[in-house]
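Participant: Turn this into a model:
(chains A and B)
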2 protein chains.
Amino acid sequence: MRLIDKDTRKEIDIRIEDIKKRLAENGQDAMLVSSNANIYYTTLRFFRGYVYIPVVGKPIWFLIKPDSFEKEEDLVLIRKPENIPDCLQRLGYVMPGTIGLEFDSMSYSDVERLKAVFPEAKAANGSRILSKARMVKTDWEIDRMREDGIHQAEVYRRVTRCYKEDMTDVQLQIEIERILRLEGCLGFIRTSGNLMDINLGSVIAGDNADTPSPYDFTMGGAGIDPSLPGGADGTTLKPGQTVMVDMCGSFNGYQTDMTRVWRIGEIPKLAYKAHQCSINILRACESMGKPGVAVADLYNVAIDIARHEGITDYFMGHRQQASFIGHGVGIELNEPPVVMARSKDILLENMTLALEPKFVIPGVGAVGVENTYVVTTSGLKSLTIFPEEIQEL
Amino acid sequence: MRLIDKDTRKEIDIRIEDIKKRLAENGQDAMLVSSNANIYYTTLRFFRGYVYIPVVGKPIWFLIKPDSFEKEEDLVLIRKPENIPDCLQRLGYVMPGTIGLEFDSMSYSDVERLKAVFPEAKAANGSRILSKARMVKTDWEIDRMREDGIHQAEVYRRVTRCYKEDMTDVQLQIEIERILRLEGCLGFIRTSGNLMDINLGSVIAGDNADTPSPYDFTMGGAGIDPSLPGGADGTTLKPGQTVMVDMCGSFNGYQTDMTRVWRIGEIPKLAYKAHQCSINILRACESMGKPGVAVADLYNVAIDIARHEGITDYFMGHRQQASFIGHGVGIELNEPPVVMARSKDILLENMTLALEPKFVIPGVGAVGVENTYVVTTSGLKSLTIFPEEIQEL
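Facilitator: From the prediction side, this is the model:
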């Protein structure tokens, strides 16, 4: 694995300083990071082991599998987590009185094991500290996500060429997956929690958009097997349908989330009206989405606009309606905040959000646009620049 | 979602009876299942909610998202897990004294929340009970896996057609992914634990096979990005290299795991010798792998055969060597048992195992065969039937 270059070191230092500040504010003396997403966040690589971040002093990378790394500073080889306290003492670190552990992303057994590693310390939930830190992106992170958006748009530009008459939604999705991968997509969507099983994304056509799914996605779909009940279901694509493409934007450890809609032949006016309503909602959110604004207000303005158009029956689904119109995005596809009425979060500069006000029109399919945005002092700026109107397949 | 047909009901009943027996043996009065893999195992579908399995009485499905299901017996709608005790009481169930929760697969926060739902009960680890139950497959499950193996072989038959001169390992993998998906692959590998980030599998060529990876796979590879350091790294495929294909066999909620090797042009004798040694190891394991045999003995016989051939330096890697030659497989790609020297598990009839004795030859690449087997009274029977010799691309 690569040695750390100067830019990477600088980026890591920015993140660690921020986490240290948050640890101090929360009365935690140190944090032991062990989930994949957070190891990547705190080291810009992935390894098997732990990152120890004390409020005072340098962080230490504890590596379990020695051979996968070149020798580096701040790196200690261990056989198992139980070796950590001895190493800390040898390096002159004071044992933590309170230790932050990832209660939300590590298994109960893993956390109990780590608690026993620090028997004198009080264990506290470090997950929220890390997710709060990750909510606000650095310029480096926003550059990565901008890069993702450019690649993703490059692929969406070629969606029409993937289509052939009488193909199924699954067949169309497979061709999009192929060009995504050829464009550099890693082929893997990093998600949080256990309601996010997904392959490379969602292509939903016609009434499959109205099939409820148990997963935490805004749109449903039956899927092709009861073990993965979401997304494309093998429907043959037919004139009069919309095809909603919400595929993977994961090219470099970060992700963008973007949805566009295609149509086959003619679709009714209601579908166009709802689609335009989605665009209007995004424009309204873009101009109001400045630091200090309540996340809940983005949701409220969206539902107000839909209500004004008289189309709330189709908003965020028809048979089953999602109660949120967006979510944070970054290393994981589903990061906080959730953009919903009961959100308590406030927009901060350099937060990144995916907003996806969508509608499901019975007999036609899903319409609406999703963009990934960065919060700036002049409002939301899109990282997923691509024509928003409904295009013909 | 579909209603339950008679065969599915029968299959579910077999599993529930087995889990109840194991609960009783372990002194647990009931189990509350909430992980995706175990909800699928106990209901043959996936939903958002919980499966309550008491030692005495019928199991109950507690569903959080009501609209995704037709009305069915044994199904109770809830808003949140805190509603469960009231429902149990209303239905006349006795509150459990000991409740099994999935300590190994649910987050610390989730388990703590469920513990508080049953404040009077002692919480016990239910994960091991479920994984022991899942280790031994029913005939229905083996049929699903046999079906997977047939599809996977059908795809491997077309690998040669995916290859074009001067393509990279990633480009070859993308074309294999496409035919996998067209064959019906769900495009999603369900794994357990956090050392299994993977896209649709691994294609490793030449010396990339010798790049250590932090993940829990037998073979390494650098990957194309530090956020996902495993598998194909973008190497251009060249004469004199082997290309090891270990791609996804996930078509129906179950999985098979199969590896085959292709070569480009001529490769040295040592590569053929090691590959033949892998086949010899599999033949030895197949005949000895009967109920009652120690899993560790499969590993021991493998290393003995490699030692006898004088090629242990290349066994299970060269720069970094894996300490296991196989693993259980089923709903998840990595199930117990792990086939390693310190395994304490004993083979049981209808266990399914993937065995993958592999070698890495410096300057050439990886060789070896992986099959998924079912344990029978006459030895291991392969579910992944496909020619085992090295084929030319």
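
Participant: Give the closest residue to the residue of the stretch 251-393 of chain A found nearest chain B in space, chain neighbours not counted.
Facilitator: When scored by C-beta to the nearest C-beta, the stretch 251-393 of chain A has residue A:253 as its residue closest to chain B, at 3.0 Å. Where you see a C-beta, it was placed from the backbone N, CA and C, and this is true even at glycine. Spatial nearest neighbour of residue A:253, chain neighbours left out: residue B:227 (3.0 Å); criterion: C-beta to C-beta, 6 or more residues apart in numbering or on different chains.

Participant: wait, what's in contact with the one you found?
Facilitator: Residues near residue B:227 by C-beta atoms under 8 Å, 6 or more residues apart in numbering or on different chains: A:40, A:45-46, A:186, A:190, A:252-253, A:331.

Participant: Got the phi and psi for residue A:323?
Facilitator: Here is the backbone geometry of residue A:323 (degrees, to the nearest 10): phi -100, psi 20.

Participant: Neighbours of it, how many?
Facilitator: 12 (other C-beta atoms under 10 Å in any protein chain shown).

Participant: okay, it: pLDDT?
Facilitator: pLDDT recorded at residue A:323 is 93.

Participant: for the one 3 residues further on, same thing?
Facilitator: The model reports residue A:326 with a pLDDT of 98.

Participant: which secondary structure elements does the helix or strand bottoming out on mean pLDDT in chain A contact?
Facilitator: One helix or strand of chain A scores below all others by mean pLDDT, DSSP states H and E: strand A:75-77, with a mean of 88. Judged by 3 or more C-beta pairs under 8 Å, 6 or more residues apart in numbering or on different chains; DSSP states H and E, strand A:75-77 is in contact with strand A:60-63.

Participant: Which strand in chain A has the most residues?
Facilitator: In chain A, with assignment by DSSP state E, the single longest strand is strand A:242-250.

Participant: Is any residue of that strand near chain B?
Facilitator: No - Strand A:242-250 is not in contact with chain B by C-beta under 8 Å from any C-beta of the partner chain; minimum separation 8.8 Å.

Participant: What is that strand packed up against?
Facilitator: helix A:139-156, helix A:169-182, strand A:201-205, strand A:255-257, strand A:260-263, strand A:365-368.

Participant: Which among these is found nearest to chain B?
Facilitator: Using C-beta to the nearest C-beta, the helices and strands packed on strand A:242-250 put helix A:169-182 closest to chain B, at 4.4 Å.

Participant: what does the closest one rub up against?
Facilitator: With C-beta under 8 Å, 6+ apart, helix A:169-182 has contacts from A:152, A:155, A:158-159, A:162-164, A:187, A:199-201, A:203-205, A:208, A:224, A:231-235, A:237, A:243, A:245, A:247-248, B:170-171, B:173-175, B:177-178, B:181-182, B:187.

Participant: of those, buried ones?
Facilitator: Neighbour-count burial (16 or more other C-beta atoms under 10 Å in any protein chain shown) is assigned, among these, to A:152, A:155, A:159, A:162-163, A:187, A:199-201, A:203-205, A:208, A:224, A:231-233, A:235, A:237, A:243, A:245, A:247-248, B:170-171, B:173-175, B:177-178, B:181, B:187.

Participant: ok, now which ones touch the closest residue to residue A:118 other than its chain neighbours?
Facilitator: Of all residues not flanking residue A:118 in the chain, residue A:99 sits nearest, at 5.0 Å (C-beta to C-beta, 6+ apart). Residues in contact with residue A:99 (C-beta under 8 Å, 6+ apart) are A:28-32, A:114, A:118, A:121-124.

Participant: try it again with 6 Å
Facilitator: A:30, A:118, A:121, A:123 (C-beta atoms under 6 Å, 6 or more residues apart in numbering or on different chains).

Participant: Can you name the residues bridging to residue A:374?
Facilitator: residue A:352, residue A:381 (DSSP bridges).

Participant: how much space between it and residue A:141?
Facilitator: 10 Å (C-beta to C-beta, to the nearest Å).

Participant: so what's the spatially most central residue of chain A up against?
Facilitator: Residue closest to the average C-alpha location in chain A (C-alpha atoms, centre = their mean): residue A:333, at 1.8 Å. Applying C-beta under 6 Å, 6+ apart, we find residue A:333 in contact with A:189, A:191, A:255.

Participant: coming back round to it: which helix or strand contains the residue nearest to residue A:118?
Facilitator: According to DSSP states H and E, residue A:99 maps onto strand A:98-101.

Participant: pretty sure residue A:304 is in a helix, no?
Facilitator: Yes - the assignment for residue A:304 is a helix, going by DSSP: H, G, I helix; E, B strand; the rest coil.

Participant: ok so, going back, out of the contacts of residue A:99, which sit inside helices?
Facilitator: Of the contacts of residue A:99, none are assigned to helices by DSSP state H.

Participant: Bridged to the nearest residue to residue A:246 once chain neighbours are set aside, which residues?
Facilitator: Nearest residue to residue A:246, sequence neighbours excluded (C-beta to C-beta, 6+ apart): residue A:259, at 4.1 Å. Beta-bridge pairing for residue A:259 (DSSP bridges): residue A:370.
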